[in-house]
Structure formats: C-alpha cells, structure tokens
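[1] Next comes the sequence, and after it the predicted model I'd like to discuss.
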Amino acid sequence: MQFNIITIFPDIFDSYFNKGMIKRALDKKVIKINTSDLRRFADPKDAHKSVDDTPYGGGAGMVLKIEPIYKALKSIKRKKKARVILFSAKGKTLTQQDLQRLKKYDQLIMICGRYEGVDNRVAEHLIDEEISIGNYVLTGGEIPAMILVDGITRLLPGVLGNLESPKDESFSFENELEYPQYTKPEKFKTWKVPPVLLSGNHAKIKEWRESQKQNRNNQ
C-alpha cells in the first residue's frame with residue numbers, strides 16, 4: 001500500500017510515522033509513505049511560494065489555490081488502483097468500514113487542507129471522495145491523514161503480531177464497541193479483576209465478554 005500526502009507541512013509527519021507500528025510497517029515494506037510539499041508547486045515567479053489567496057466574494061481567512069494542488073496531483077505517479085481523498089468538514093465521517101474499504105486500494109493520495117479551506121473546484125474536479133474525521137474544526141488535514149494511514153496500516157496483513165486482534169476490536173463488526181479488557185495485577189487498591197476472567201472457563205469468559213459488549217453498545 002502506498003500513501004501520498006500533499007501538505008504545506010511535510011515535516012509534521014516525521015515523528016509519528018517513525019515510531020511503533022507505522023515504522024515497523026515501513027521497515028517491512030508493507031507500506032510506503034511519500035509527502036509532497038505543496039509549496040514546491042507554487043508559481044515559480046513567486047518568491048514567497050504562496051499557495052493560498054483571498055476568497056472571491058470576500059470573507060475571513062485565506063483559501064488554498066487550485067493550481068498548486070493540480071500540479072502536485074499531476075506529479076504523483078498513480079498506481080492502477082488509486083484513490084484521491086480530500087479531508088473536508090463536509091466529507092463523509094470516517095468509520096471502521098471505510099478503513100476496510102480503503103485498504104483494498106494500492107494507493108491513497110491525500111490532500112491536506114489549511115486556512116479557511118480549499119478552492120471548491122478541487123472537490124468538484126480533482127478528487128474521488130471527501131472525508132471528515134468528526135463534527136469539529138481542525139487547523140489542517142495533517143492529523144486526519146495520520147489517522148487514515150494509522151487506521152488502514154494496522155489492517156494490512158503482516159502488520160499486527162496478533163492476527164486475530166482486528167476481528168474482535170471496537171467497530172470491526174456493525175460499529176460495535178468491544179468488551180472491557182484487564183491485565184495484571186489481579187487487585188489494585190480495592191479494584192479487582194472480574195473473577196470470571198480468572199476462572200479458566202473459556203465458555204464462561206466468552207459468555208461474559210458477549211454480555212459486557214452488549215451492555216456497552218446498549219448505553
């Protein structure tokens with residue numbers, strides 16, 4: 001799986017992608033991540049490498065221009081099964097089912113918005129879908145891009161050590177939450193692990209976990 005990220009802050013990803021699961025997936029060559037600095041595609045005559053301008057019709061803030069985004073997209077060599085995503089407040093809210101759907105592509109190209117937004121012609125003509133990570137406003141699309149890379153990478157074969165884990169996790173089946181988890185010590189202060197989990201009776205443990213899962217999802 002190849003991820004291409006178009007952003008004005010390419011260095012912002014270095015710390016997160018060079019740790020833990022993502023780093024291991026990169027080392028194993030399960031995934032590849034390329035970042036494109038949008039300012040490289042600004043007007044070459046512009047000493048400031050501006051990629052934004054004031055909105056037509058007036059209003060607060062600045063809007064990312066279509067020209068550099070178009071050039072950045074053109075510069076990326078596309079695989080046969082590629083999909084272009086724009087992170088946007090008006091996009092579809094990301095779900096676990098979307099991660100399962102998107103992991104089937106060979107390449108995801110992500111556009112990280114900034115400032116007041118992105119020229120709407122990008123959404124109208126240059127992308128395949130818009131994605132939101134929730135009903136709130138962020139300063140840019142870089143965090144959503146990290147979320148998408150993280151959420152998809154952990155679903156790819158050979159990334160997680162426990163291959164059964166993703167099947168039981170929250171939202172993996174009909175958007176349900178999973179059962180509560182406990183580990184050592186058996187007792188901390190006055191708080192104890194539920195006795196059934198210490199019983200060794202796998203049938204009872206399975207029954208308890210199913211009942212706890214139902215309780216969580218009925219709240």
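    Received the coordinates, thanks.

[2] In contact with Leu99, which residues?
    Leu148, Gly151, Ile152, Leu155 (Cβ atoms under 8 Å, 6 or more residues apart in numbering). (Each C-beta comes from the backbone N, C-alpha and C, glycine too.)

[3] Which strands and helices lie in contact with the helix or strand where Ser88 lies?
    Per DSSP states H and E: Ser88 is located in strand 82-93. Here strand 82-93 touches strand 107-111, strand 117-118, helix 120-125, strand 129-132, helix 142-153, going by 3 or more Cβ pairs under 8 Å, 6 or more residues apart in numbering; DSSP states H and E.

[4] quick one: the first one to strand 82-93, angle?
    So the one you mean is strand 107-111. 50 degrees (axes from the mean of the first three to the mean of the last three Cα atoms, to 10 degrees).

[5] Which other helices and strands does strand 107-111 contact?
    Using 3+ Cβ pairs under 8 Å, 6+ apart: strand 107-111 touches strand 2-7, helix 66-75, strand 82-93, helix 142-153.

[6] re earlier: any idea which of the helices and strands packed on strand 82-93 gets closest to Asn201?
    Closest approach to Asn201 among the helices and strands packed on strand 82-93 (Cβ to Cβ): helix 142-153, 34.4 Å.

[7] Pick the most deeply packed of the helices and strands packed on strand 82-93.
    strand 107-111 (a mean of 24; mean count of other Cβ atoms under 10 Å).

[8] And the contacts of that strand?
    By Cβ under 8 Å, 6+ apart, strand 107-111 touches 1-6, 69, 73, 76, 78-79, 81-87, 102, 118, 122, 127, 141, 145, 148, 152.

[9] Can you give me the domain assignment for this structure?
    2-153, 177-218 (automatic domain parsing).

[10] pLDDT on the last one, on average?
    So the one you mean is domain 177-218. Across domain 177-218, the average pLDDT comes to 92.

[11] what's the spacing between it and its chain's center?
    With Cα atoms, centre = their mean, to the nearest Å as the basis, domain 177-218 stands 30 Å off its chain's centre.

[12] Surely Phe17 is in contact with Ile31?
    No. With contacts counted by Cβ atoms under 8 Å, Phe17 stays clear of Ile31, the gap being 9.5 Å.

[13] Can you check which residues contact both of these two?
    Shared contacts of Phe17 and Ile31, defined by Cβ under 8 Å, 6+ apart, comprise Val149.

[14] mean pLDDT lowest for which of the helices and strands packed on strand 82-93?
    Among the helices and strands packed on strand 82-93, strand 117-118 scores lowest, with a mean of 92.

[15] Noted, bye for now.
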